[in-house]
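Novice: Make a model of this:
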Amino acid sequence: MKKIFYFLSLLFVLGSCTEDVKFNNPAFQTLKNNVFWRAQTYKAYAGMQGAIIIEGSLGYEKVALQAASKEKQTFALGVNDVSKAVYENTLPSEAASFSTGTNIGNGQITITDYNAVNNTISGTFKFTALNNDETDIENPNINFTEGVFYKVPIQENDYVLHL
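Specialist: Below is the predicted model:
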């Protein structure tokens with residue numbers, strides 16, 4: 001009887017062990033003003049001129065990154081309008097729009113991998129964007145650090161991309 005009890009106990013212990021492993025593949029996540037932010041949806045668009053836009057959305061919030069190319073390199077933000085970043089919150093009670101551009105904000109987008117076979121893109125980003133509403137003195141800018149986009153699928157487009 002003891003053997004049956006031990007055998008059933010062992011079976012119960014081994015049977016109740018599970019591994020709940022969740023992979024973020026693909027992924028788009030960052031620290032927004034030092035608070036973890038992970039997109040629920042993500043996509044990228046490539047245009048004929050080589051520019052690419054990578055987007056991540058979480059509810060009413062959206063982060064969009066535009067780089068001049070999908071080639072492996074680092075693109076400086078705040079220098080021109082070819083490579084830039086935008087954050088928008090469309091929730092009516094919290095509506096806001098922040099962006100980088102020519103002499104506006106700063107940061108960088110680094111493309112670390114472009115997979116032409118699977119048509120995905122990976123990289124990192126960080127930026128400080130200025131509020132498009134200059135009268136909002138409570139929120140003059142927004143800061144994104146430690147941003148990562150990983151194996152985000154790219155959709156090809158036949159038009160020029162602009163944020």
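
Novice: hang on, isn't residue 85 packed against residue 67?
Specialist: No. If you go by C-beta atoms under 8 Å, residue 85 and residue 67 don't touch, sitting 9.6 Å apart. Quick note: C-beta positions are derived from backbone N, CA and C, even for glycine.

Novice: More neighbours: these two, which one.
Specialist: residue 85 (31 against 28; other C-beta atoms under 10 Å).

Novice: which secondary structure elements does the strand or helix carrying the more buried one contact?
Specialist: Residue 85 belongs to strand 84-89 when assigned by DSSP states H and E. Under the contact criterion of 3 or more C-beta pairs under 8 Å, 6 or more residues apart in numbering; DSSP states H and E, the helices and strands touching strand 84-89 comprise strand 61-67, strand 96-99, strand 120-131, strand 141-156.

Novice: Just name the most buried of these.
Specialist: With neighbours defined by mean count of other C-beta atoms under 10 Å, none of the helices and strands packed on strand 84-89 is more surrounded on average than strand 61-67, at a mean of 23.

Novice: Can you tell me the strand partners of it and which way each runs?
Specialist: Strands adjacent to strand 61-67 in the sheet, as given by DSSP bridges, are strand 52-58 (antiparallel), strand 84-89 (antiparallel).

Novice: where's residue 85 relative to residue 151, distance?
Specialist: Spatial separation of residue 85 from residue 151 under the definition C-beta to C-beta, to the nearest Å is 20 Å.

Novice: number of nearby residues for residue 32?
Specialist: Other residues lying near residue 32 total 17 when counted by other C-beta under 10 Å.

Novice: in the chain, which residue is closest to the centre?
Specialist: In the chain, the C-alpha closest to the average C-alpha coordinate belongs to residue 28, at a distance of 3.2 Å (C-alpha atoms, centre = their mean).

Novice: so what's that one bridging to?
Specialist: According to DSSP bridges, the residues that bridge with residue 28 are residue 149.
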